[in-house]
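Trainee: just a sequence and a predicted model for now, questions to come.
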Amino acid sequence: MCALAVVPLIGPSSAQAAVGDVTEIALLGGSSPSGIAAGPDGNIWVAAGASNTIARVSPSGSIASFNIPTLGSAPYDIAAGPDGAMWFTERQGNRIGRITVDGVITEFNIPTPLAQPYGIAAGPDGAMWFTERQGNRIGRITMAGVVTEYPLPTPGAHPVGIAAGSDRMYVTEYTANKIAVVQMSGAISEISLAAGSLPVGIGNIGGSIWYTTFQSSRIGRVINDVAVAEISLAAGSQPFDVTPGPSGNMWVTLFGTNRVAQLSAGGSLESVYQLPTSLSRPTALVTGSDGNIWVAQYAAESIARVVSGQIPLSTGAPSITPSTGLVPGSVATATKGTWSTLPTSYSYQWQRCSVADPVACSDIAGATLPAYTLAAADALTRIRVGVVAMSLSGPSAVAYSGLASVGSLTTPSPGVIAAAGPVVSIGNGAQAELIAPSSQRRGRRATYRVDLTALDAPGTVSIEFRKGSRVKKVSGLLVVNGETSYRWKVPQSWPRGWTTVTATYLPTPGVSYLAGAMTDRVRIR
């Protein structure tokens, strides 16, 4: 298996486009793509039957094609599996194929000869389910490659499309004009459609099962697994496949009129978009990780990307690193956060906010990169970063990070600042605190801890216990992530009464924090 071609997307991918704009991406000559699916790697995967390849297409349009080991296998449909790989049907090879996101292919034989597998979909049981058009069966294959087949009740039904419900599978029976309902046990019931309908595509749209009828140009919805309700489209449109859209609606390929239609979740026609290549014969379609609609064009030897109008939505706020210990002269770095669709680019704007009024923020001139070097004007304020994600459909709303406090830059002094209590300032708006127990029994252990509000303040801590002439000293306790501790077991000979505890923080030489000593008392019993 090797990559045969890498082809750049025609035209720029970062410019804003209008809803319905179409970009076509050529596959290998003679590909005749029929199946298309979104992969767990964010790419689009295509079953290109005539070229006997599986194509991997990035959102930017780069293509890698992988040869199927069995010659003339004619891959027809493809779907993402629960194992992080893509699974596909080999219509002429009579096999089910599995391809990793890196392009490694494994093939599994189907028991029934000349079964002609067509559609494939992941089931709710962790297996892949597929249709056998000539075998007149529904197949199930585990992740280990074990195949089980279930015959359809109607002879010569020619099952084609397949989709998963919450706990069962749904299948279109092309020549029988029926919808099959397949339980996980393999039990099958059927719903009859009008004669001559020729149902083809089927999909789960927000929990409802919708299907297309190629000959009668209708879309239908399954009701309680016993009946259907259908809606007529334009005569001769020949709807082929149906898939959920990025905003809860659905999209349908119109094979007969060379178009793609957008419908509401209830089936109302909202928009129709013409494909640029005449007689391209659009078959399967899917919503990509970029929020756009990707279409297999069987006769055009290409796939098409239709801009859906879905702008990126923030699903996780950006953040600032480091979040503490910031001072003028240090560098803060922003993450871009997470988004509902894959953006093509991002823009950044750092802001300075008041400590007294955290919502009073203003843009920092020129601070428009992911990294920002704090200025003197940032001292004793708070900063945040706003991120805007751009897609072909336009810019998102601004997503803001949390606020990060900025201290004032203080020149370290060689001396030690002594505090009269357990808390001492160590500069740059940071403090160190000695946390000691109020009492401790002789012969028992207790923890003495020093916490720093600046998690990035390096150094060591020494602790001294003193009662009259009795002294115990511990030094070199390393500060990690703003804290260190020591467990002291009081000797039986230690005098009862109040013992003075002194903890001294010594910063690493060259950093902008100060040395400080904290004191507290513990009653020894």
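Mentor: Looks like it came in fine. Numbering: from 1, shown residues only.

Trainee: check what contacts the helix or strand of the chain with the lowest mean pLDDT and list those residues.
Mentor: Every helix and strand in the chain was compared by mean pLDDT, DSSP states H and E; the lowest is strand 416-418, with a mean of 86. Contacts with strand 416-418, where a contact means Cβ atoms under 8 Å, 6 or more residues apart in numbering, come from 424-426, 504, 506, 514-517, 519. For glycine as for every other residue, the C-beta is placed from the backbone atoms N, C-alpha and C.

Trainee: can you tell me which of those is nearest Pro276?
Mentor: Ile426 (66.5 Å; Cβ to Cβ).

Trainee: so for that closest one, what's the pLDDT?
Mentor: Looking at Ile426, its pLDDT stands at 91.

Trainee: please tell me how far it sits from Asp290.
Mentor: 48 Å (Cβ to Cβ, to the nearest Å).

Trainee: more neighbours: which of the two?
Mentor: More crowded of Ile426 and Asp290, by other Cβ atoms under 10 Å: Asp290, with 27 against 23.

Trainee: tell me where the stretch 301-450 of the chain has helices.
Mentor: Under the criterion DSSP state H, counting those that start in this stretch, the stretch 301-450 of the chain carries no helices.

Trainee: shaky segments in the chain?
Mentor: Low-confidence segments of the chain (pLDDT under 70): 1-16, 358, 408-414, 510.

Trainee: distance of the residue in it sticking out farthest from the centre relative to Val490?
Mentor: Here the centre of the chain is the reference, and by Cα atoms, centre = their mean the most remote residue is Ser469, at 64.2 Å. Counting by Cβ to Cβ, the gap from Ser469 to Val490 is 16 Å.

Trainee: quick revisit: just give me the closest of the contacts of strand 416-418 to Glu301.
Mentor: Nearest to Glu301 out of these is Ile426 (Cβ to Cβ; 68.6 Å).

Trainee: that closest one and Ser475, how far apart?
Mentor: 18 Å.

Trainee: now Glu483
Mentor: Taking Cβ to Cβ, one finds Glu483 at 17 Å from Ser475.

Trainee: for these two, indicate the residue with more neighbours.
Mentor: With neighbours defined as other Cβ under 10 Å, Glu483 and Ser475 compare such that Glu483 has more, 15 against 11.

Trainee: next, the contact list for that one, please.
Mentor: With Cβ under 8 Å, 6+ apart, Glu483 has these contacts: 449-452.

Trainee: which among these count as buried?
Mentor: Among the contacts of Glu483, those classed as buried by 16 or more other Cβ atoms under 10 Å are 449-450, 452.

Trainee: surely Ile209 and Pro199 touch.
Mentor: No - contact criterion Cβ atoms under 8 Å: Ile209 and Pro199 do not qualify, at 11.5 Å.

Trainee: if you count what's nearby, which of these two comes out ahead?
Mentor: Neighbour tally, Ile209 and Pro199, criterion other Cβ under 10 Å: the higher count belongs to Pro199, 29 against 23.

Trainee: quick check: closest non-adjacent residue to that one.
Mentor: Thr172 (3.8 Å; Cβ to Cβ, 6 or more residues apart in numbering).

Trainee: again with Ser319
Mentor: Thr335 (4.9 Å).

Trainee: neighbours of the one you found, how many?
Mentor: 15.

Trainee: any idea how far Asp241 is from it?
Mentor: 38 Å.

Trainee: kindly report the same for Leu452.
Mentor: Per Cβ to Cβ, Leu452 is found 60 Å from Asp241.

Trainee: tell me the one among the contacts of Glu483 nearest to Val355.
Mentor: Looking across the contacts of Glu483 and measuring by Cβ to Cβ, the closest to Val355 is Leu452, at 20.3 Å.

Trainee: next up, the contacts around that closest one.
Mentor: Counting by Cβ under 8 Å, 6+ apart, Leu452 has contacts 426, 430-433, 479, 482-483, 505.

Trainee: in TSV, list the residues you listed along with distance to Ala38.
Mentor: Output for those, formatted as TSV (distance: Cβ to Cβ, whole Å):
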residue	distance to Ala38
Ile426	52
Ala430	48
Gln431	51
Ala432	52
Glu433	52
Val479	48
Gly482	43
Glu483	45
Tyr505	54
